[in-house]
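> Got a predicted structure plus its sequence, pasted below:
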Amino acid sequence: MASLLWFQGGACSGNTMSFLNAEEPSACDLVTDFGINVLWHPSLGLEMGDNAKRVFNDCASGKTPLDIFVFEGTVIQGPSGTGRFNMFADRPMKDWVKEMCAQAGAVVALGDCACWGGIPATEPNPVDNVGLQYLKRKHGGFLGEDFRSKWGLPVINIPGCPAHPDWVTQILVAIASGRAGDIALDELQRPQTFFKTFTQTGCTRVQFFEYKQSPVEFGQGTRTGCLFYEFGCRGPMTHSPCNRILWNRQSSKTRAGMPCTGCTEPEFPFHDLKPGTVFKTQKISGVIPKEIPNGTDHVTYMAQAAAARIAAPKWAKEDMFVV
Amino acid sequence: MATVMEGQDMRISPLGRVEGDLDLRVSIRDGVVTDAWTEASMFRGFEIILKGKDPQAGLIVTPRICGICGGSHLYKAAYALDTAWKTHVPQNATLIRNIAQACETLQSIPRWFYALFAIDLTNKNYAKLPEYDECVRRFAPFVGTSYEKGVTLSGKPVEVYAMFGGQWPHSSFMIPGGVMCAPTLSEVTRAIAILDYWKREWLETTWLGCSIERWLENKTWADVLTWCDENEAQHNSDCGLFVRFALRAGLDKFGQGYGSYLATGTYFQPELYENPTVDGRNAALIGRSGVYDGSQFHDFDHMNVREDTAHSFYRGETSLHPWEGRTEPIDPLEGHKQGKYSWAKSPRYLVPGKGSSVPLETGPLSRQVIAGRAATAAHQDYDPLFLDAIKTVGPSVLVRVMARMHEACKYYKLTRGWLDAVKLHENFYTKPVELAEGRGFGSTEAARGSLSDWIVLKDNKIENYQVVTPTAWNIGPRDNSGAIGPMEKAFIGAQIVDPTDPVEMGHVARSFDSCLVCTVHAYDEKTGRELSRFRIGEGS
């Protein structure tokens, strides 16, 4: 039995909605089969009023042992550090967050906003958003880089906009079953079991990537080709299992013809959405992709690309995903 | 001890313009609500972020305003750009957009009913009702038989969304000129199978106890009541149980609101909207737009929309058309001194002949009332059921809920038809010319009501972007004429049986499916004493 409290700060509820799509296990299974005791959740909590407030205060004071604190959304610090842009149960949400994090056995930042600020922290970051332990890639965030939960863990970041339900349910089950120590984290405190691989790992377009073949346009154009060259796809530079653990059990954005926007990385939305950057690959001299797959350099990349284009078989230029 | 004045200063619970928490303060005299203030209390500033950005930034940013209706945000954001860039949208693309958005709503209907609304039927205040034990057995959170089924199966329709959009929530696959995908036969076949599974396992067996065709034979409110007792399957279905419970508990007696409604409409007839324009929009809609002012219908004209900030935490007391709209937040502490009390702006509409702009309710009930207007073209949805309901028994919590559930049958049927109409060998996208300047308007009906974007482009970037959400229409505060918002109005007149547990307020707020977690402050009007404070809401 593990107790869990879930709050939303500067949130869209997208991670909760994604979580409710879970099937194996489902949200209900977590309660009935895995013994997770949901103390309160903004969409699912039964307690109201004084009862709900008692739950919060008992967690904050340590009277109710709090095993897992899940936070969704940014920590809103504005205006002028007061947190008044986001009040919750009569107090700035940021004050609740600080108290819950001090009591929790493990703290889970769910979704980009809670991990590092996400879209609300895009320039000019109007309400002074920050993630729990990062602001974009800068370590520290709301809790500070030295923060450790009661069980000695840093914030466990489950990024994504939103996070995939299986990433959430599996980590919650791991923590609840005493395996928190087994969760290896990467340098951005993401569980490596999900975030070591690339979004491109398992992408159905990877053969077109090998031979440097691009669609000419969206829609019918995406019956062939890799979206990296023209359409800004970040699949080779983004860590996620989106093409290993499919979305809604069916597909992924890249499989469906949509470029990966890199939403499991702290820089999302990339280039601060400046004019000319949306769904368009940024290039040097109008030809060479500015950003290339992790761990390669431009000289090697260009040599390999030239060879790959020469090597491209005839089928690589044909439609593959046909009716 | 809290005075009313302190009360006004007290509430700011989490919410943004569209999503988050709502605080509600009500005055009570002799057990009846006499006044109400809805206070949206979290602000993120999405419109500020969009200023100066890539013209297509709204396709990425606006779905993230709300994770619950992100597909609807994408739908209208795409049309805002289609109209600004004067694109061509192939018929297939319109079909796929329609299918995707309808599947989001099909997801929302059971998820909203079980996870957010029906939990309240297990409230101890109802323990003496004969239907109570059965409600607990079915609707108790996590463990109720229908709760578990309804919540888990609610994920099925968005599997179809993911086939075309890659994932749900938060895809950006609808783009000016069409959609990014080009489905194959396998996607269409699987989509049909998944939707049929959802219909069979939840809609017809669990919710209705009959076929959707039988349900859709109901044309009047009296038909609905007759249907409930027609046979055992219908009587004992979740729908039958809910109607019986609601009549017993009096959910047909409160939550009326103004009785005037807005729908901006949604779902385009593909061949009528290949070149989307603002002026051509109304005629191309399947789910029609319109305004019903309590006695007559009016055509919807987006130029009649105003956003009022008299009681909202923004600079000034303006009432502007969204193309001229401004979003200049102020510290709520300052705002309170000026009598402001919410982050929501107050959308209003200039109804012809009314003189000034008025508040209008939006949502499934509004859509279904507008659907009762005589149709003028074959593609338009005509459906008299809920116009009859508001004219015979009047609006209420019960009627609002039933309008929403009714749409499950209608949108399932529409979606099946659109899936059959996709021509797999034809185009899904026409590459647009990215015009440096322009103005656009895109709108749709999210599960919970009218959702619109107004965009102004200049020098290849966003000059102004304004989003008006259904939640703002419904929960917006008082305007500069003092007129209270539609949800504020709907609270008034409700009888609170137990002031320490005003579940009735929860029913009203949730019947709007507001995009918020609400906190109710109940005040005794005579003493100003705060009776209780409740989170009543829900994040959808």
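In hand now; what should we look at? Numbering: from 1, shown residues only, chains lettered A, B, ... in the order given.
> Got phi/psi on the most centrally placed residue in chain B?
Among the residues of chain B, the one closest to the centroid is residue B:448, at 1.1 Å (CA atoms, centre = their mean). Backbone torsions for residue B:448, taken as degrees, to the nearest 10, come to phi -100, psi 10.
> That one: what's it in contact with?
Taking CB atoms under 8 Å, 6 or more residues apart in numbering or on different chains, we find residue B:448 in contact with B:69, B:108, B:362-364, B:470-471, B:474, B:512-515, B:540. Where C-beta positions appear, they are placed from N, C-alpha and C, glycine not excepted.
> Closest one of the residues you listed to residue B:302?
Nearest to residue B:302, judged by CB to CB, of the contacts of residue B:448 is residue B:362 at 13.6 Å.
> partners of the closest one in the sheet?
For residue B:362, the beta-bridge partners under DSSP bridges are residue B:262.
> Touching, it and residue B:446? I think so.
No: judged on CB atoms under 8 Å, residue B:362 makes no contact with residue B:446 at a distance of 9.3 Å.
> Now for the two: what residues contact both?
With CB under 8 Å, 6+ apart as the test, residue B:362 and residue B:446 both reach residue B:470.
> With only the CA atoms kept, save stretch B:123-141 in PDB.
What follows is stretch B:123-141, C-alpha atoms only, in PDB (Å, rounded to 0.1, in the frame of the first residue of the first chain):
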ATOM      1  CA  ASN B 123     -23.000  11.500  -1.900                       C
ATOM      2  CA  LYS B 124     -24.300  10.500   1.500                       C
ATOM      3  CA  ASN B 125     -27.000  13.300   1.200                       C
ATOM      4  CA  TYR B 126     -28.800  10.900  -1.100                       C
ATOM      5  CA  ALA B 127     -28.500   7.800   1.100                       C
ATOM      6  CA  LYS B 128     -32.300   7.700   1.700                       C
ATOM      7  CA  LEU B 129     -33.200   7.600  -2.000                       C
ATOM      8  CA  PRO B 130     -34.200   4.100  -3.300                       C
ATOM      9  CA  GLU B 131     -31.800   4.300  -6.200                       C
ATOM     10  CA  TYR B 132     -28.900   5.200  -3.900                       C
ATOM     11  CA  ASP B 133     -27.400   1.700  -3.300                       C
ATOM     12  CA  GLU B 134     -27.400   1.000  -7.000                       C
ATOM     13  CA  CYS B 135     -25.800   4.300  -7.700                       C
ATOM     14  CA  VAL B 136     -23.000   3.500  -5.300                       C
ATOM     15  CA  ARG B 137     -22.500   0.000  -6.800                       C
ATOM     16  CA  ARG B 138     -22.100   1.500 -10.200                       C
ATOM     17  CA  PHE B 139     -20.700   5.000  -9.800                       C
ATOM     18  CA  ALA B 140     -18.300   4.800  -6.800                       C
ATOM     19  CA  PRO B 141     -14.900   6.100  -7.800                       C
END
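> Let me have the contacts of residue B:448 in JSON lines, adding pLDDT as columns.
Below are the contacts of residue B:448 laid out as JSON lines (pLDDT from 0 to 100):
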{"residue": "B:69", "pLDDT": "91"}
{"residue": "B:108", "pLDDT": "95"}
{"residue": "B:362", "pLDDT": "97"}
{"residue": "B:363", "pLDDT": "97"}
{"residue": "B:364", "pLDDT": "98"}
{"residue": "B:470", "pLDDT": "92"}
{"residue": "B:471", "pLDDT": "89"}
{"residue": "B:474", "pLDDT": "94"}
{"residue": "B:512", "pLDDT": "89"}
{"residue": "B:513", "pLDDT": "85"}
{"residue": "B:514", "pLDDT": "73"}
{"residue": "B:515", "pLDDT": "63"}
{"residue": "B:540", "pLDDT": "29"}
